[in-house]
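here is a sequence together with a model predicted from it:
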Amino acid sequence: MKAVHFGAGNIGRGFVGVLLHEAGYELVFADVADALIGQINDQDSYVVHEVGEGARDHEVTGFSGVNSASDLGGLREQIVSADMITTAVGPRVLQIIAPTIAEGLRARAEAGVEGRVAVMACENAINATDGLAEAIRAAYPEADQVAIFANTAVDRIVPDQAPGQGLDVTVETYHEWAVESAPFQGQTPDVPGITWVEDLEPYITRKLFTVNTGHAATAYFGRQAGITKISDVLADAQVRSQVEAVLAETKELLVAKFGFAPEVQQAYVEKIITRFTNPHLPDTVERVGRAPLRKISRTERFVGPAAELAERGLSADALVAAVAAALAFDVPEDPESAELQARLAAARGDRQATDALVTDLTGIAEEHPLFPALSEVFAAA
Ligand SMILES: NC(=O)c1ccc[n+]([C@@H]2O[C@H](COP(=O)([O-])OP(=O)(O)OC[C@H]3O[C@@H](n4cnc5c(N)ncnc54)[C@H](O)[C@@H]3O)[C@@H](O)[C@H]2O)c1
Ligand SMILES: O=P(O)(O)OC[C@@H](O)[C@@H](O)[C@H](O)[C@H](O)CO
């Protein structure tokens, strides 16, 4: 069995790669980072080091790399003979890789390969595979004849890796990979690390609006407090209470929307806070806060739940405070942070312009009940 995995970064090597290797898959990493692909092809193995309680090392072997920008022929060949295609490239990159996957699927159909290849986007976004599938179908309308598309939710904290570590990856012990089973019609691939679920929506929404909402709030409030390491941030009593207030709001929504028992959701929140405070995990507010434009967008971890709370007449004050902290995320090396700061600077002092920015960046229109609160924080930014 062979899996082609797009994105040989933290989650690619430290999560999807190791679970597929342990399920017996040969791995082909596709990435645009030439030096990384060179390293992958030079090495026979790498190690995934878990840190924290119950940690152990996992050796990954049986992999190769293909440069998906410069070796389109090689990539196409790999897709023709793959049993699975996974991605961990970032939600906004899916549109970029879709035409390449479409080409591979077309070649697969032309070669008459039997069996459909499973395509699963492993990104922090609701229904990421649906978006990828739509873009693939736009380039190759017969894609469903050769591929099965399934949405997933992936959860494992994998920080940026220290330079000089080669391909080895340091990760937390915890991991969860939930995938919707329905598209496979009873024939789900045999991957012991995957939890198959009939309805993914509660899983992915709860993951995004608890783990990622809490994580991003920790990063933005933590950076404002001048703290760099994620595990240090929650030792600050004020930041901790801000993060807890944010998670109390998303808890209220998740309990009301999906019927999770309040005590079960509270236990989930507490477990997640323990994961954030793992002192052995070298994670930073800059990594966790990366791409703030994506993180304050309409369906994402702050505005997504805040909008639904406001529509239900419930408070979203803590989430709005987290958006305010996100607007203060000024990290010039992060392209989205640089763009955010430039756009805020251009609008500053002009209420019409800052209000227009609210709608442009968060997708919240003037008539929405969340608009007045967002209007205030954008005007103050
Ligand atoms: N790191 C985590 O803790 C974590 C956990 C769960 C989910 N995720 C999600 O996984 C995805 C990847 O995150 P990450 O932390 O591994 O990021 P990363 O930056 O470590 O890895 C992304 C990789 O994608 C590659 N890439 C970029 N554009 C590409 C393209 N056009 N074609 C092929 N490869 C391309 C990059 O070169 C890089 O190697 C994101 O959606 C993220 O939200 C991350
Ligand atoms: O990857 P992002 O940028 O969507 O979010 C940053 C972190 O919150 C994220 O990578 C978490 O570590 C991960 O989602 C945990 O499962």
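Done, it's in. Numbering: from 1, shown residues only. Ligands and ions are numbered 1, 2, ... in the order given.

going by C-alpha atoms from here, please, whenever you check contacts or count neighbours.
Noted.

contacting residues around the residue in the stretch 201-350 of the chain that ligand 2 sits nearest to?
Closest approach between the stretch 201-350 of the chain and ligand 2, counting by Cα to the nearest ligand atom: residue 288, at 4.1 Å. In this structure, residue 288 makes contact with 215, 216, 219, judged by Cα atoms under 8 Å, 6 or more residues apart in numbering.

what residues are up against the last one?
Applying Cα under 8 Å, 6+ apart to residue 219 gives the contacts 230, 233, 284, 285, 286, 288, 289.

returning to what we had before: how close does the residue of the stretch 201-350 of the chain closest to ligand 2 sit to residue 277?
13 Å (Cα to Cα, to the nearest Å).

next: residue 48.
Residue 48 sits 20 Å away from residue 277, going by Cα to Cα.

which of the two has more neighbours?
With neighbours defined as other Cα atoms under 10 Å, residue 48 and residue 277 compare such that residue 48 has more, 21 against 17.

who touches the residue most central in space within the chain in this structure?
Most central in the chain under Cα atoms, centre = their mean is residue 124, positioned 2.2 Å from the mean C-alpha point. The contact partners of residue 124, by Cα under 8 Å, 6+ apart, come to 90, 91, 153, 154, 208.

so how do I select the buried members of those residues in ChimeraX?
What follows is the ChimeraX syntax for the buried subset of the contacts of residue 124, where burial is set by 16 or more other Cα atoms under 10 Å:
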select :91,153,154,208
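
for the contacts of residue 124, which one is nearest residue 366?
Nearest to residue 366 among the contacts of residue 124: residue 208, at 25.7 Å, using Cα to Cα.

which SS class is the closest residue to the closest one other than its chain neighbours?
The spatially closest residue to residue 208, leaving aside those adjacent along the chain, is residue 301, at 6.0 Å (Cα to Cα, 6 or more residues apart in numbering). Under DSSP: H, G, I helix; E, B strand; the rest coil, residue 301 falls in the coil class.

same question, residue 70
Under three-state DSSP, the three-state class of residue 70 is coil.

count the residues that sit near it.
For residue 70, the count of nearby residues is 12 (other Cα under 10 Å).

please report phi then psi for it.
Main-chain dihedrals, residue 70, degrees, to the nearest 10: phi -110, psi -10.

could you do residue 229 as well?
Torsion angles, degrees, to the nearest 10, at residue 229: phi -90, psi 130.

I'd guessed it sits against residue 280; true?
No. Look at residue 229 against residue 280 with Cα atoms under 8 Å: they stay out of range, at 10.7 Å.

neighbour-wise, which of the two wins?
Each of residue 229 and residue 280 has its neighbours counted (other Cα under 10 Å); residue 229 has more, 20 against 14.

what score does the nearest residue to the more buried one once chain neighbours are set aside have for pLDDT?
Spatially, and ignoring its direct neighbours in sequence, residue 229 is nearest to residue 284 (4.6 Å; Cα to Cα, 6+ apart). Per-residue pLDDT puts residue 284 at 97.

now the helix ranked longest in the chain: buried residues?
Longest among the helix segments of the chain by residue count, using DSSP state H, is helix 237-258. If you call a residue buried by 16+ other Cα under 10 Å, then helix 237-258 has these buried ones: 239-240, 242-255.

kindly report the same for stretch 266-278.
For stretch 266-278, by 16+ other Cα under 10 Å, it's 268, 269, 272, 273, 275, 276, 277, 278.

which of these fall within helices?
Per DSSP H, the buried residues of stretch 266-278 map to helices at 268, 269, 272, 273, 275, 276.

so residue 334 is in contact with residue 287, correct?
No. Residue 334 is beyond contact range of residue 287, at 9.3 Å (criterion: Cα under 8 Å).
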